[in-house]
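Colleague: Model the structure of this input:
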Amino acid sequence: MCGISGISGKNWNSRQLKNMLAIQRHRGPDDEDIYISDDQLTGLAHNRLSIIDLSEAGRQPMHDLSGRYYMVFNGEVYNYLEIRKKLSAEFTFKSQSDSEVILYAYIKWGSACLDQFVGMFAIAIWDTHEKLLWIARDRFGVKPLNYAFDANNNFYFASEIKTLHAGGIPKEINEPAWAAYLGYGRYDHDENTFWKGVNKLMPGHFLTLKDNNFKITKWYDLHDKTGDEYDNRSIEDVSEEYLTLLEENIKFRFRSDVPVGINLSGGLDSSALLSLVNKVKGEDSDVIAFTFYTGDSRYDELPWVREMISHTNHPLISCLLQATDVPELAASVQYHQDEPFGGIPTLAYAKLFEEARKEGVIVLLDGQGMDEQWAGYDYYRNVETNISRPTIQGSNDRSVLPECLDNEFLAMSGNWKAPEKYPDKLRNLQYRDALYTKIPRALRFNDRISMRASTELREPFLDHRLFEIAFRQQASFKINGTTGKWFMRQLLKNYLPGKVVEAPKRALQTPQREWLRKDLRNWAEAQIENAINNVSFLNRNEVIKHWEAFLNEESDNSFYVWQWISLGLMEIKQPAKVLV
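Modeller: Model prediction:
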């Protein structure tokens, strides 16, 4: 996993590209290099975190033997060995890397190469003959890709937004994005970012740029692959196919030339991950496990985690997050996120990656994706009344307070609604969460905090083939009475203790509410005051009123408080009057 960036156009200089390379060094501390085409039309930059083929042969930017194609790539294509076999009769490989396989797959199949890949990726390839820049992103957007045009119509792309700003793209807030976030809790749901002029290439899309012709094409859609009809096979047949793919995914994600560890919480997803690692690696597996805790027994899952691994050989490293860690850590994580992030749970997760890096574990696995596949969240169980309601797992109170915003500013938010492609509400809700809300947010948070520590995060359950199987199943496979993820619970009965299989879904939580009210109150108030002073769209009286109500425990939801803190942490400066 790495950092990629580049510029294409007629009016730019190498210093811009070097600035972009320097600011992404945390994404790839092992090596870095740039390529600038002979005609000066395109430059590519790469920060390398060496995972597969640690030799010089795996360096990027990488080119084919003819020198026609140059590539930078971020991520992993896990089935690269299988694809390499298909290509070996036609191409001569000089490395053992997945990067070289990707390059020759593109030369062989063009954009259709994407259908061959199982993995997470953002790929940029410059064709020196056609003067064509081709950039693609994986099906679920595990790896990031942001882009922008400058005033001279030069095209910039990068793994992180700050990289575009370092290259010369002006740093101005995108008011509609902030209005949607603060007023309705919408973010990471479309191509817009929180910064004006900066967009993201959406998951499952590729773009091409030739001369002044810029085009974006969708190459993957979950609904297109599943259709509307349900799978009528027995649970035994579905289980056999699904379990086979799960095991393959675990094997794929242990393809690495550096140590691989696992992230654990006390829930079903982590338990499934641990059991599958043991099945694939053997009962004597000593892969290091990592978990975080806060010292608050109301939230910590450390006892569950210890129970899970007590009969294995896995060493456990427990990472403590304390309230006193939050101010400094929040500032650092916010810098790396570029956009608002998910609060104190994200900070706890960030400490885990820091500790893994200290232990020499460069790759970590976690269990993201199972809830969206098999309807694990509590609000899935009553989709008839909750389909359009913004949801925060574990809370019934309002998550946003639009009355705290200037009315004209709030009106900028637009009327976005997730596509409803399926004939049933449950799959539409799952589709929304997988492609527009929960997973996109979590992936952005997790990419930035893992790369902040120069580590790679791999998500075995975020395989498109697993999602396609799950989305073909009837609701009865997913929800049984008040129990979500029913299929997975049946599948894992022979692998996990009964109390783990039967345990209800628990939100991954920290004592955020308690800390913001007490230990971190002064810090939180300082960030909120900073936000109020720096932007014109917050209503001071309303914000203070609701802050005081939160302090008096009149709400159990702290999401809107963290929204205001995010504004303060980002130190956004806005002209005194921006509304017309």
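Colleague: what residues are up against L569?
Modeller: 330-331, 334, 527 (CB atoms under 8 Å, 6 or more residues apart in numbering). C-beta: built from backbone N, CA, C; applies to glycine.
Colleague: and with 10 Å instead?
Modeller: 327, 330-331, 333-335, 337, 340-341, 527, 530-531, 562 (CB atoms under 10 Å, 6 or more residues apart in numbering).
Colleague: among those residues, which ones are buried?
Modeller: Burial by neighbour count, 16 or more other CB atoms under 10 Å: within the contacts of L569 this picks out 327, 330, 333-334, 337, 340-341, 527, 530-531, 562.
Colleague: Show me which of the contacts of L569 is closest to Y379.
Modeller: W562 (20.1 Å; CB to CB).
Colleague: quick one, phi/psi of the closest one?
Modeller: Backbone geometry at W562, expressed as degrees, to the nearest 10, gives phi -70, psi -30.
Colleague: Wait, it touches A524, no?
Modeller: Yes. Here W562 reaches A524: they are 8.9 Å apart, a contact under CB atoms under 10 Å.
Colleague: overlap in contacts of the two?
Modeller: Common contacts of W562 and A524 (CB under 10 Å, 6+ apart): L516.
Colleague: P303: neighbour count?
Modeller: Residues lying near P303 (other CB atoms under 10 Å) number 11.
Colleague: Going by neighbour count, which residues of the strand or helix carrying it are buried?
Modeller: Element membership for P303, per DSSP states H and E: helix 302-309. Applying a neighbour-count criterion of 16+ other CB under 10 Å, one finds 302, 304-305, 308-309 buried in helix 302-309.
Colleague: Also stretch 153-161?
Modeller: 154-161.
Colleague: Looking at these, which is nearest S297?
Modeller: Of all those, E160 has the smallest distance to S297: 37.1 Å, by CB to CB.
Colleague: Just the pLDDT at the residue nearest the centre of the chain, thanks.
Modeller: Centroid-nearest residue in the chain: L443, 1.2 Å away (criterion: CA atoms, centre = their mean). Looking at L443, its pLDDT stands at 97.
Colleague: Tell me the secondary structure at it.
Modeller: Look at L443: counting by DSSP: H, G, I helix; E, B strand; the rest coil, its state is helix.
Colleague: list the contacts for it?
Modeller: 120, 138, 140-144, 188, 203, 368-369, 457, 459, 462.
Colleague: Repeat the analysis, applying 7 Å as the threshold.
Modeller: 141-142 (CB atoms under 7 Å, 6 or more residues apart in numbering).
Colleague: State the distance from it to E459.
Modeller: Computed as CB to CB, to the nearest Å, the L443 to E459 distance reads 8 Å.
Colleague: do G67 as well
Modeller: In terms of CB to CB, G67 sits 35 Å off from E459.
Colleague: Counting neighbours, go ahead and name the busier of those two.
Modeller: E459 (21 against 9).
Colleague: distance of the more buried one from N530?
Modeller: E459 sits 35 Å away from N530, going by CB to CB.
Colleague: helices and strands around the lengthiest helix in the chain, which ones?
Modeller: The helix that spans the most residues within the chain, counting by DSSP state H, is helix 235-253. If you count contacts as 3 or more CB pairs under 7 Å, 6 or more residues apart in numbering; DSSP states H and E, helix 235-253 packs onto helix 268-281, helix 464-471, helix 486-491.
Colleague: repeat that for 8 Å
Modeller: helix 268-281, strand 363-365, helix 464-471, helix 486-491 (3 or more CB pairs under 8 Å, 6 or more residues apart in numbering; DSSP states H and E).
Colleague: Out of these, which is the most enclosed?
Modeller: Burial of the helices and strands packed on helix 235-253 is given as mean neighbour count (mean count of other CB atoms under 10 Å); strand 363-365 ranks first at a mean of 25.
Colleague: What strand or helix carries I262?
Modeller: strand 260-263.
Colleague: and that strand, how far out from the chain's middle?
Modeller: 17 Å (CA atoms, centre = their mean, to the nearest Å).
Colleague: what does the average pLDDT come to for stretch 221-239?
Modeller: Stretch 221-239 comes out with an average pLDDT of 96.
Colleague: Equivalent analysis for stretch 474-481, please.
Modeller: Stretch 474-481 shows a mean pLDDT of 93.
Colleague: Kindly format the C-alpha coordinates of stretch 106-121 as CSV.
Modeller: Output in CSV follows, covering the C-alpha atoms of stretch 106-121 (Å, rounded to 0.1, in the frame of the first residue of the first chain):
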residue,chain,number,x,y,z
TYR,A,106,-3.9,-3.4,-18.6
ILE,A,107,-1.7,-3.7,-21.6
LYS,A,108,-3.4,-7.1,-22.4
TRP,A,109,-7.1,-6.2,-21.7
GLY,A,110,-7.4,-2.4,-21.3
SER,A,111,-10.0,-1.3,-18.9
ALA,A,112,-11.5,-4.8,-18.9
CYS,A,113,-8.5,-5.8,-16.8
LEU,A,114,-10.4,-4.4,-13.8
ASP,A,115,-12.9,-7.4,-13.9
GLN,A,116,-9.9,-9.7,-13.3
PHE,A,117,-8.8,-8.1,-10.1
VAL,A,118,-9.8,-9.2,-6.6
GLY,A,119,-8.5,-6.5,-4.2
MET,A,120,-8.3,-2.9,-3.3
PHE,A,121,-6.6,-0.4,-5.6
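Colleague: Could you list the residues in contact with that stretch?
Modeller: So stretch 106-121 is in contact with 64, 69, 71, 73-79, 83, 86-87, 90-91, 98, 102, 105, 123, 125, 134, 136-138, 140, 142-143, 206, 217, 219-220, 252, 458-459, 462-465, going by CB under 8 Å, 6+ apart.
Colleague: can you tell me which of those are in helices?
Modeller: 83, 86-87, 98, 102, 105, 252, 464-465.
Colleague: how about the residues you listed in JSON lines, adding pLDDT and distance to N480?
Modeller: Formatted as JSON lines, the ones in helices among the contacts of stretch 106-121 follow (pLDDT from 0 to 100; distance: CB to CB, whole Å):
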{"residue": "I83", "pLDDT": "98", "distance to N480": "39"}
{"residue": "K86", "pLDDT": "97", "distance to N480": "42"}
{"residue": "L87", "pLDDT": "97", "distance to N480": "46"}
{"residue": "D98", "pLDDT": "95", "distance to N480": "40"}
{"residue": "I102", "pLDDT": "98", "distance to N480": "42"}
{"residue": "A105", "pLDDT": "98", "distance to N480": "42"}
{"residue": "F252", "pLDDT": "95", "distance to N480": "31"}
{"residue": "H464", "pLDDT": "97", "distance to N480": "26"}
{"residue": "R465", "pLDDT": "97", "distance to N480": "24"}
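Colleague: Cheers, nothing more for now.
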